[in-house]
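[1] This is a predicted model, with the sequence first.
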Amino acid sequence: MSTKLTPPIEKLIEQVKQATELGSSYVIEGHATKSAIWKPEKGDLLSTKALNQVVEYDPSELVVTVQAGVSIVALEALLAESGQRLSFEPPLYAGQSPENKGTVGGMIASGLAGPRRPWSGGVRDSVLGLHLISGRGEYLRFGGQVMKNVAGYDVSRLMVGAMGCLGLITQVSLKVQPLPQGVSCYSWACSTTELLDRYAGWQRSMNPISGLAHDGSRAYLRLEGGLDSCSLFASRNDLTRCTGIKNNGDFWAGLRNHSLPFFEGDLPLWRLSVPPLTDLASVLESHSVSYLMDWAGAQYWVRAEQTDFLRQLVTQHGGSFCSYSCTNESDLNVAGSARGSVALGDMNGSILLIHQRLKSAYDPNGVFNVGALHESF
Amino acid sequence: MTIAHDERIDGPLSGWQRHELLALFEKRLPAHCILSADEELKPFECDGLSAYRSQPQLVILPDTKEQLIVLVKCCAENKVPIVPRGAGTGLSGGAMAIDGGVMVSLTRMNQILNIDERRMTAKVQPGVRNLAISEAVQNLGLYYAPDPSSQIACSIGGNVAENAGGVHCLKYGLTVNNVLGVECILADGSLVQVGGDCLDNPGFDLLALLHGSEGMLALVTEVTVKLLPKPELCRTYLVSFDDVEKAGRAVGAVIGKGIIPAGMEMMDKLAIQAAEDFAHAGYPRDAQAVLICEMDGETSDVESLDAPLRAILTEEGATEIRMARTPEEQRKFWLGRKSAFPAVGRLAPDYYCMDGTIPKRQLPSVLKGIAALSEKYDLAVANVFHAGDGNLHPLILFDANIPEQLNKAEALGGEILALCVQLGGCITGEHGVGREKINQMCIQFEGSELEQFLATKKAFDPQGILNPNKNIPTLARCAEFGAMHVHDGQLPFPELERF
């Protein structure tokens, strides 16, 4: 079915077609909050600012449809009015104003999720459908506004984390979830190993855990669920006697938004993605690097000058790592082709070929975010 | 318009003859892996959509992925189309054989390779049955969440290919949300890992793209799935309504108030009566609609939601709310729902199961529309819905022995799907497009979008040998289909607002 296009979208399509004719490229820009961790090659800025409409929101459907330029802060405020939220806790990086902490478009394109990721899924798990402008300047719609949809390939989820390389996302439909009745946070001193071992036991039966982190000296646990299930879990596991249990909600916001002191240091920052319950504490401590474990041991933030041992470590555990301080060109080189959230340096040849072919299929003339994901496209 | 392969609009067939294919594979694969006699091939002539049949020329049943690699490489060299098949329970003709091609059945690759207790994952071969995973980890108090109704028979490889759903997806997600990684063979025969044990991986999310790709992008050889702890408590409610629209509104009301049931199923009067005659589940025969609402989770949470749930349902006009008191009663509540298909099957010699999805608020409109279409075509329709996620399974009753009734059923089904699209929904929620809904794809998508799908396919399979001509119609097919519709005059329900 055809869609009536609004003037801002028609203008964007026109701009894309012009670039195709001129052989020029664009850097798609929302609030530019992720520029520190994400750097396409040079190109003219193409702003999604004009795409600022909430298209549809019906809380009883658990679905919200918004345009790409809507701020994440505004979207979350809208959902909160109806007692709902995004399940994946997208990071809100400091921007030029309190409202400008990232757009929905950037949230989808970067695919970054916060501390709740292991229990409530990532960005891709909440995406139901989206519209995009291809590198040919065609307006395309994939997926929809319904929970179940297997008509055609799942192009909507393909766009999550694609760093805008495959097209300009103009609007997206997201599955949302009700706010929990109860939230409680606990913190206590223990080793990372001890915490992960306790978690291995906890996860084997139903539990309200929605955050499990460790900063090298203290454990942080967040529970979300029914009022009774949170307090029961806490008392059964002797958490009520933990010290410093009050109000470490700030810790979780800081972890989500990278605003904890850990993220402010001068040493290069690395992100390690490894299988859940991976215990890297002793190795990291033996290299005297500071770290922050998140996602119940599936994500580590590490500050380190040298990376050889990090590469070894992630290879050994079947994971990957990338730079989160790529304003520093030398860090980029160390991580191969890493730019921001991904590092494709070690990618299997057949898989890289598919990446290149997909880029050609969606953006044959290289109009969008050239080099944002890989140096070859 | 027929869904059969039409070389004029679907493209030329490969032209391979059976003896030529046999000669190709006999040299490379053990004899016991190759079926070529008519009586051996007969069972493979259709999948769960038995109205459409096409006997394969050759079926290959590899024991190992090494054999599968040999097979794919041979097919790539010789441009032989491959139709992959799991347990054959699919409902959209996705495993329908194509002339000049070879069918590959993955049912012999049925080993559970590893269960990682600490990380709560299982690595399994594609031929492992969905339910077999949960059975294998039952002693650990774990299970695999997606539960398509065919779960006793369907295979996990097929679940990935179709992005299978089930009655519990509203809370626990679809297959794509429960698979961490797959190992697969690409169209050139190379073996690759997509995703893995981590929660994210560098590059494009190819893992998501493979889900629901109907065997057209790669052949899955291993699947790593997430396991979940079993709920502490599970309560099942049978809720009656004297009006089907009230039942539809009640679904939205419960979810809108922040209660997410593990399952929320709806049946209309015809389905209720058929199920009751068949299963004697104790369903209220006089009700116009029932909801089966299941709440699961931690004991205290499930118990504390009992009162608010009852209050919402009562306010929305429920005439009776029955909670199963015993496991036996709970089993009976579900038995009625789960036997709805065979039960409806007793009302008529044949039924045709549809799979549209709509936004929940459109339930009353779609029910009205289906009733009008049922009258127009003079065929009864029983309605069974996964109401919680707006997924409809209208069952069209007909008799294939009466001339033209199958065509009428197909036409009625096509109009129901067109109605779903008009109401902001889609033509398939969980059964897939396969060959069955190939024409309706022309209603759901525009030419440029279909071309983008075809280009996506080409990125994985430049020669087009993996399950060709399924899922995505050619533009030539849509041109003919569209021309036919325009000739008909107008789309169904012109009075409805277009979205």
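    Received, thanks.
[2] Considering helices and strands only, name the one in chain A with the lowest mean pLDDT.
    One helix or strand of chain A scores below all others by mean pLDDT, DSSP states H and E: helix A:329-334, with a mean of 42.
[3] Which residues of the stretch 201-350 of chain B lie near chain A?
    B:201-206, B:208-209, B:211-213, B:217, B:229-232, B:252-253, B:255-256, B:258-260, B:297-298, B:300-301, B:304-305 (CB under 8 Å from any CB of the partner chain). For glycine as for every other residue, the C-beta is placed from the backbone atoms N, C-alpha and C.
[4] still on that earlier bit, beyond the least confident helix or strand of chain A, next helix or strand please.
    helix A:349-362 (DSSP states H and E).
[5] Remind me what that following helix packs against, helices and strands.
    Packing partners of helix A:349-362 (3 or more CB pairs under 8 Å, 6 or more residues apart in numbering or on different chains; DSSP states H and E): strand B:191-195, helix B:447-460.
[6] TSV please, covering the ones you listed and showing mean pLDDT.
    Below are those laid out as TSV (pLDDT from 0 to 100):
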stretch	mean pLDDT
strand B:191-195	96
helix B:447-460	97
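[7] that older thread, now list the buried members of the residues of the stretch 201-350 of chain B next to chain A.
    By neighbour count, with 16 or more other CB atoms under 10 Å in any protein chain shown, those hold B:201-206, B:208-209, B:211-213, B:217, B:229-231, B:252-253, B:255-256, B:258-260, B:297-298, B:300-301, B:305 as buried.
[8] Helices - which of the residues you listed land there?
    Among those, DSSP state H puts B:206, B:208-209, B:252-253, B:255-256, B:300-301 in helices.
[9] Next, format the residues you listed as a markdown table and append pLDDT.
    Below are these laid out as a markdown table (pLDDT from 0 to 100):
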| residue | pLDDT |
| --- | --- |
| B:L206 | 97 |
| B:A208 | 98 |
| B:L209 | 98 |
| B:G252 | 93 |
| B:A253 | 94 |
| B:I255 | 94 |
| B:G256 | 92 |
| B:S300 | 92 |
| B:D301 | 93 |
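[10] ok so, going back, nearest to chain A among the helices and strands packed on helix A:349-362 would be which one?
    helix B:447-460 (3.7 Å; CB to the nearest CB).
[11] Off-centre distance for the closest one?
    22 Å (CA atoms, centre = their mean, to the nearest Å).
[12] Just list what it packs against, helices and strands only.
    Packed on helix B:447-460, when contacts are counted by 3+ CB pairs under 8 Å, 6+ apart, are strand A:139-143, helix A:155-158, helix A:349-362, helix B:475-488.
[13] and with 10 Å instead?
    Judged by 3 or more CB pairs under 10 Å, 6 or more residues apart in numbering or on different chains; DSSP states H and E, the packing partners of helix B:447-460 are strand A:139-143, helix A:155-158, helix A:349-362, helix B:206-210, helix B:441-444, helix B:475-488.
[14] so which of the ones you listed gets nearest A:L166?
    Nearest to A:L166, of all these, is helix A:349-362, at 4.0 Å by CB to CB.
[15] in the closest one, what's buried?
    Under the neighbour-count rule (16+ other CB under 10 Å), helix A:349-362 has A:350-355, A:357-362 buried.
[16] so for it, what's the average pLDDT?
    The pLDDT scores in helix A:349-362 average 96.
[17] what's the angle from it to strand A:139-143?
    Helix A:349-362 and strand A:139-143 are oriented at 130 degrees to each other (axes from the mean of the first three to the mean of the last three CA atoms, to 10 degrees).
[18] Can I get helix A:349-362 in PDB, CA atoms only?
    The C-alpha trace of helix A:349-362 is given here as PDB (Å, rounded to 0.1, in the frame of the first residue of the first chain):
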ATOM      1  CA  GLY A 349      35.700 -13.600   4.300                       C
ATOM      2  CA  SER A 350      32.300 -14.900   3.200                       C
ATOM      3  CA  ILE A 351      30.500 -12.800   5.800                       C
ATOM      4  CA  LEU A 352      32.400  -9.700   4.800                       C
ATOM      5  CA  LEU A 353      31.400 -10.300   1.200                       C
ATOM      6  CA  ILE A 354      27.700 -10.500   2.200                       C
ATOM      7  CA  HIS A 355      28.200  -7.200   4.100                       C
ATOM      8  CA  GLN A 356      29.600  -5.600   1.000                       C
ATOM      9  CA  ARG A 357      26.900  -7.000  -1.200                       C
ATOM     10  CA  LEU A 358      24.200  -5.800   1.200                       C
ATOM     11  CA  LYS A 359      25.700  -2.300   1.200                       C
ATOM     12  CA  SER A 360      25.600  -2.400  -2.700                       C
ATOM     13  CA  ALA A 361      22.000  -3.600  -2.600                       C
ATOM     14  CA  TYR A 362      20.800  -0.800  -0.300                       C
END
